[in-house]
Structure formats: C-alpha cells, structure tokens
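>>> Just a sequence and a predicted model for now, questions to come.
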Amino acid sequence: MNNHFVGRLLAVFVVTAGLSVIAPSHVAAKIVTDVDAAEAVNTSVAFGTAKADAGVATGSASLTPAAKRWQSTKITYKIDSGSSYYRSVWHSAVKKWNHSGVVHLVATTGKADISLSTSNSPMGNCGSTVGITYSSYYNNKTLNHLPVLVSAKSYVFKNVASHYHYSKTERANVAQHELGHALGLEHNVGRHSVMYYATRDQSVSKPDVNGLEHSYR
C-alpha cells in the first residue's frame, strides 16, 4: 500500500498513534499503529509475488508469518455494524478462527480488544482494497519475540465488495483475512492461505492455523 493511500485512509478513520501510556511494568510505553489490507480481486487471483504492506511477504507458504500477538489467547471482540448481513459475515469469520482451537474470541458489549465493522472505501467503488485493519501495539513489550497488541479495528469495504460482485461467502473470506491481521498475522506468500494479499476464494487453512500456533505457543 503506498503512502498516499495510507494517508487518505488515516484521514477518514480515527487512529490513535503515538499516545503515551503506562505499561504494566510502569515504564512509559508508546503505542504504535499499523495498517494492513486485503487487495480486491475481480474474477481470479493473479499469480505473482505477494506484496505485504511493509514490502514483499516473507517466509514459507506452509506457515503464515506473524508480526504481533495478543497478551492472552482469550480475546474480546465487538461487531460495530447495524447491518444483520454484515454481522453474519463477521460472525462467520469469528467462528472460523475460533475453530482453529488456538485463540478464543469472545463477544463483549463493553470495551473490546478487536472491533469489527464495515465502511465504504474513500477511494470509491473501484478501489483496490476490499478490507483494512488498524492494529496498535506496545513498542516496549513482547511475548514470544512479538510486540503485544493493545487494540485492533477491522473493516470490510462494502462498496468495493459490491463493485466486484463478491458473494456473501467471499465477503466472509475477506472478514477472515482482516480478522487474521487483527490477531497479528501478516500476508502469506501462498495463494491458498486466507492471508494471501488478494483475498476472495480463500478461507482459513492449515498454513494460517500453523502461523497462529507458532505465534501463540
């Protein structure tokens, strides 16, 4: 994702970055915010090198890499969408990741670790991004050599999904991809991973579960 595009997105969504907080160790920490996205696919996924937001996706197709993780495998979430259609889409994504047996996503009516929502892309219907995730983490706290997440917010862009005629199942796959980013996973180089940079037909697969197990071990 180029810097110009990120800048326009950040102008639309409120992202808390650079806030000074007190970590559990009582050492001043800085919260850093990352942006991850899924590219829209018209009719099929193109072959080629998978591009992650920070550069070329790395690692093996058999193991989805992780850049961050939560403190615990029990993670709260809230679906911030008034649409019953998209609530169902997000529920499907949550169920799929819970089925991995690695993490336990729990719905809450209070403050949630992960917020799941929908919006329209500021780039218009023909935008190249069909979903996006903002994740914030401590810059001085790690577990298993990964920064510890503070919060995450994921979106599916309704207008882009509609423009490219995504089915409900395909939108659920996009939701799975974005929720994977909210759990700390990066892009996978393999086309059969839900974390491949261009998501439409892919669902959570063994490489994604392997990556989650590796980061939360």
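Nice, thanks for sending it over. Residues are numbered from 1 along each chain as shown.
>>> Please make it C-alpha for all contacts and neighbour counts, starting now.
OK.
>>> what's the least confident helix or strand in the chain, going by average pLDDT?
strand 20-22 (a mean of 24; mean pLDDT, DSSP states H and E).
>>> after that strand comes which helix or strand?
strand 28-39 (DSSP states H and E).
>>> avg pLDDT for that following strand?
For strand 28-39, mean pLDDT is 77.
>>> Now do the contacts for the spatially closest residue to residue 59 that is not a sequence neighbour.
In this structure, residue 59 finds its nearest non-sequential neighbour in residue 65, 6.7 Å apart by CA to CA, 6 or more residues apart in numbering. Counting by CA atoms under 8 Å, 6 or more residues apart in numbering, residue 65 touches 58, 59, 185, 186, 187, 188, 211.
>>> Tell me the buried residues within those.
58, 185, 186, 187, 188, 211 (16 or more other CA atoms under 10 Å).
>>> What is the nearest of the residues you listed to residue 100?
For these, the closest approach to residue 100 (CA to CA) belongs to residue 211, at 10.9 Å.
>>> Name the nearest residue to that closest one, sequence neighbours excluded.
residue 64 (4.5 Å).
>>> can you give me the helices in the protein?
3-12, 84-98, 158-163, 168-182, 206-215 (DSSP state H).
>>> pull the CA atoms of the top strand by length along the chain into CSV?
Across the chain, the longest stretch assigned as strand under DSSP state E is strand 129-143. C-alpha atoms of strand 129-143 as CSV (Å, rounded to 0.1, in the frame of the first residue of the first chain):
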residue,chain,number,x,y,z
THR,A,129,-8.6,-2.5,-1.3
VAL,A,130,-11.6,-4.5,-0.1
GLY,A,131,-10.7,-4.6,3.6
ILE,A,132,-8.4,-2.9,6.1
THR,A,133,-7.2,-3.4,9.6
TYR,A,134,-5.6,-0.9,12.1
SER,A,135,-3.7,-2.5,14.9
SER,A,136,-1.9,-0.8,17.8
TYR,A,137,0.8,-2.4,19.9
TYR,A,138,3.3,-1.5,22.7
ASN,A,139,6.7,-0.7,21.4
ASN,A,140,8.4,-2.0,24.6
LYS,A,141,6.5,-5.2,25.4
THR,A,142,6.9,-8.5,23.7
LEU,A,143,5.7,-12.1,24.0
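>>> hmm, who's touching it?
15-17, 29-40, 68-69, 71, 121, 147-158, 160-161, 174-175, 178-179, 181-182.
>>> roughly how far is stretch 191-210 from the heart of the chain?
12 Å (CA atoms, centre = their mean, to the nearest Å).
>>> Then stretch 91-105?
14 Å.
>>> Quick one: low-confidence residue ranges for this structure.
Along the chain, the model assigns pLDDT under 70 to residues 1-29, 39-56.
>>> again, only this time at 50
1-27, 42-55 (pLDDT under 50).
>>> Look at residue 159 and say how many residues are nearby.
20 (other CA atoms under 10 Å).
>>> Many thanks, I have nothing further to ask.
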